[in-house]
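> Structural data only, the sequence is not supplied:
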DNA sequence: CGTTCAATGGTAAACGTTTTCCATATGGTT
DNA sequence: AACCATATGGAAAACGTTTACCATTGAACG
């Protein structure tokens, strides 16, 4: 391994000069600069990341913790965020918390131990993820994305879940669907909670039925399938099933179809997130599109500005969703 | 930040003893050990990762580079590998090469700079990914997974792609399909190349038509759709479309359906990998299941044993695939 | 010409561990 | 009791950077 000292000897300057050229912390005369660069090139010098981090106490790295790496929605956020921060010279460490606050806090600790300069957190639980925040001990900035933590003043960027669900319910109602059912996820997840409450309020607002017809599970295809079984077994089918995300909707639809129940003819089904999968299944799924690009850019730039030390007020940004109507909700119009 | 020195003072011992207790590198008397542990606990001591790594030149971390983080097949491999190595006390750094050898080599360099103890590489290109291997300079062990690099003696774990495709072609032939088409990915990808060659050989072996009817693009839904357009426009449809992976198959099927061509009734379509998506689309996709769990376990354990210094001969492990028959290939039997 | 100031270069002290090398204590064997 | 082997503790030297501090230079200015 060649060190700064080897380079200094080769270039005939001091280690300080080499360091200054490599890290660009202070100006050096063009002549010495060139000598250093040539020597470094010749010796194939590579800066030792750990020595540098140890001394500087900063790593040009941000960590990101997501609940489930296999969920395409999170992956899209990760990809976009990585794009933004990479342009600023930062690297990204990605961790999966398996939707478990205990794992999450371990991951956060591991990131802190590696002295990441900041963290983007999509938290596992709106109450118990508080531990993860405490683990940070205000040592570095942290922004929450998509999901939030209760009663804690933290930057947060998320879609307006309530509005999204209202748009869905209004859309279903406008096509004559009155009797609805909601298939959601655990209440511990802030987005799940928000979508649930919005569903209840929206159904009440349109004077529909089923505001209390609710099943809660997890954000997964398997749970959707399970809930589908329950629905299929009912003597009297609802007009529409509002699902808390697209994965659930896929499970519900697959299950209903397997039982000979037609979607959308017999029941309309909707999702949330607009992952690519919505376009690949048949029928295509009506859903709420999150402005992923905008969310990722905002989250990244807030984090970066906090890392840079600028920025003060806590940001709580709710971005607007967009409804995407596909076949899964286009059943016969019962009222027009 | 509390250091080893603070702990030593609190416990009334030397820093050496503290270090030995924390890192467990040498035995210490139970009495001092307890004193150290108590002091560490009391002060909330956390080992400085960088100082440790700088001194030890090892990090208990392995890096993994995959071509595309949004491809569910890779994600499954990542999840399984993380499970195995975590049980051994290793952390995983995941990177996305965007299927670009230039990005890949940057990622590998970043991993080396962070002194990962080993790398799992799913390489972008069977020729140009050679650069990535050179970047490692034999400093640390590296195993390739799924895809391979030409003419280079490196551990490799992969499915028997040729056998998988033969199983598919035989299955299609057994149901009476004679005229076939292949929709593959770039030849620079070893798996794509292997599947292509196997397709040609298998079609020849069964005396079918279409051994030369080949379209090459990328492992993506979009490419599948594009290839589907070409197929749909032909005056004379083939009996079956063999796709090089499931994403392509999804694209082909969606496209054909959108043009009023029925799958499987008019054309049978098959995939490769058996990602979850195959079960969620309609018709379900006939495909080749890779033994992901076995592959991940083997790759991880080979890497870990190389890191530990045991292990010598280069491993080139080809594991057996399994055919999963679903609706997409179950068209009318033309010969029986 | 003397003074001041900015620009640049070098020396050496951090950063927080791990580990080598010694010193001492302990226990077991003749 | 003498000896040896082993276990344990501590001092200090690494690991490779960055940076505080000082020294030197040369230019600008009166």
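It's in. What you see is a predicted model, and the numbers here were worked out from it, not measured in a lab.
> buried stuff in stretch A:264-273?
A:264, A:267-273 (16 or more other C-beta atoms under 10 Å in any protein chain shown). Every C-beta, even on glycine, is put in place using the N, C-alpha and C of the backbone.
> Among those residues, which pair sits farthest apart?
A:267 and A:273 (20.3 Å; C-beta to C-beta).
> For residue A:311, give its distance to residue A:61.
To residue A:61, residue A:311 is 19 Å away according to C-beta to C-beta, to the nearest Å.
> Which of those two has more residues huddled nearby?
Here residue A:311 and residue A:61 are compared on neighbour count by other C-beta atoms under 10 Å in any protein chain shown; more neighbours surround residue A:61, at 20 against 16.
> Which positions are bridged to that one in the beta structure?
residue A:91 (DSSP bridges).
> What separation do you get for it and DNA strand C?
Distance, residue A:61 to DNA strand C, by C-beta to the nearest atom of the strand, to the nearest Å: 18 Å.
> for residue A:137, same thing?
Applying C-beta to the nearest atom of the strand to residue A:137 and DNA strand C gives a distance of 15 Å.
> same question, residue A:193
For residue A:193, the distance to DNA strand C - C-beta to the nearest atom of the strand - is 40 Å.
> ok, how many other residues are close to residue A:2?
Neighbour tally, residue A:2, other C-beta under 10 Å: 15.
> again with residue A:100
15.
> OK, contacts around the closest residue to it other than its chain neighbours?
Among residues not flanking residue A:100 along the chain, residue A:124 sits closest, at 6.0 Å (C-beta to C-beta, 6 or more residues apart in numbering or on different chains). Residues near residue A:124 by C-beta atoms under 8 Å, 6 or more residues apart in numbering or on different chains: A:67, A:97, A:99-101, A:103-104, A:189.
> Go again with 10 Å.
By C-beta atoms under 10 Å, 6 or more residues apart in numbering or on different chains, the contact set of residue A:124 is A:65-68, A:97-105, A:107, A:132, A:147, A:149, A:186, A:188-189.
> Pull out the buried members of the residues you listed.
A:65-68, A:97-99, A:101, A:103-105, A:107, A:132, A:147, A:149, A:186, A:188-189.
> how about the strands in the stretch 151-300 of chain A?
A:155-159, A:180-185, A:214-217, A:240-243, A:268-270, A:287-289 (DSSP state E, counting those that start in this stretch).
> low-scoring stretches of chain A, by residue?
By pLDDT under 70, the weakly predicted segments of chain A are A:332-336.
> at 80 what do you get?
A:137, A:311-312, A:331-336 (pLDDT under 80).
> what about the helices in it?
For chain A, the helices defined by DSSP state H occupy A:4-11, A:15-23, A:30-43, A:49-56, A:72-87, A:101-113, A:130-136, A:161-174, A:190-206, A:221-232, A:246-258, A:277-280, A:292-308.
> The residue in the stretch 101-250 of chain A positioned nearest to chain B - nearest residue in space that isn't next to it in sequence?
Using C-beta to the nearest C-beta, residue A:113 is the residue of the stretch 101-250 of chain A that sits closest to chain B, at 4.7 Å. Counting by C-beta to C-beta, 6+ apart, residue A:113 lies nearest to residue B:49, which is 4.7 Å off, once chain neighbours are set aside.
> Residue A:72 too?
residue A:275 (4.3 Å).
> just residue A:192 next, same as before
Residue A:192's closest residue in space is residue A:185 (C-beta to C-beta, 6+ apart), at 3.9 Å.
> That neighbour: what's it in contact with?
Per C-beta under 10 Å, 6+ apart, neighbours of residue A:185: A:99, A:191-193, A:195-196, A:216-220, A:223, A:243-245, A:247-248.
> Bridged to it, which residues?
Beta-bridge partners, per DSSP bridges, of residue A:185: residue A:217.
> I'd say residue A:110 and residue B:59 touch.
No: at 11.7 Å, residue A:110 does not count as touching residue B:59 under the criterion of C-beta atoms under 10 Å.
> what touches both of those two?
With C-beta under 10 Å, 6+ apart, residue A:110 and residue B:59 have common neighbours B:49, B:91.
> who touches the residue nearest the centre of chain A in this structure?
The residue lying closest to the centre of chain A (C-alpha atoms, centre = their mean) is residue A:74, at 4.4 Å. The contact partners of residue A:74, by C-beta under 10 Å, 6+ apart, come to A:64, A:66-68, A:94, A:96, A:122, A:145-146, A:273, A:275.
> 7 Å instead?
A:66-68, A:122 (C-beta atoms under 7 Å, 6 or more residues apart in numbering or on different chains).
> Determine which two of these are furthest apart.
A:68 and A:122 (9.2 Å).
> what's the neighbour count on the closest residue to DNA strand D within the stretch 201-336 of chain A?
The stretch 201-336 of chain A approaches DNA strand D most closely through residue A:309 (14.3 Å), counting by C-beta to the nearest atom of the strand. By other C-beta under 10 Å, the residues close to residue A:309 number 8.
> One more: residue A:4?
The number of residues packed around residue A:4, counting by other C-beta under 10 Å, is 22.
> Name the surrounding residues that touch stretch A:133-148.
For stretch A:133-148, using C-beta under 7 Å, 6+ apart, the contacting residues are A:77, A:105, A:108-109, A:112, A:116-123, A:126, A:149, A:152, A:154-158, A:189-191, A:295, A:299, A:302-303, A:306-307.
> residues in chain A within reach of DNA strand C, list them.
Within reach of DNA strand C by C-beta under 7 Å from any atom of the strand, chain A has these residues: A:13-17, A:20, A:26-29, A:31-32, A:51, A:54-55.
> mind running it again at 10 Å?
Counting by C-beta under 10 Å from any atom of the strand, the residues of chain A close to DNA strand C are A:4, A:8, A:11-21, A:26-33, A:35-36, A:50-57.
> just the buried members of those?
A:4, A:8, A:11, A:13, A:17-21, A:28, A:32-33, A:35-36, A:50-54.
> Of those residues, which ones also sit close to DNA strand D?
A:4, A:8, A:17-21, A:50-54.
> So which of those reach chain B?
Among those, the residues lying close to chain B (C-beta under 7 Å from any C-beta of the partner chain) are A:50-51, A:53-54.
> Can you tell me the number of residues neighbouring residue A:140?
Neighbour tally, residue A:140, other C-beta under 10 Å: 19.
> quick revisit: so of the helices of chain A, which one's packed in deepest?
helix A:246-258 (a mean of 25; mean count of other C-beta atoms under 10 Å in any protein chain shown).
> Let me know the outermost residue of chain A.
Relative to the chain centroid, chain A (C-alpha atoms, centre = their mean) has residue A:12 farthest, 50.5 Å.
> Report the separation between it and residue B:19.
38 Å.
> Ok, residue A:170 next?
Distance from residue A:170 to residue B:19, by C-beta to C-beta: 64 Å.
> swap in residue A:110?
21 Å.
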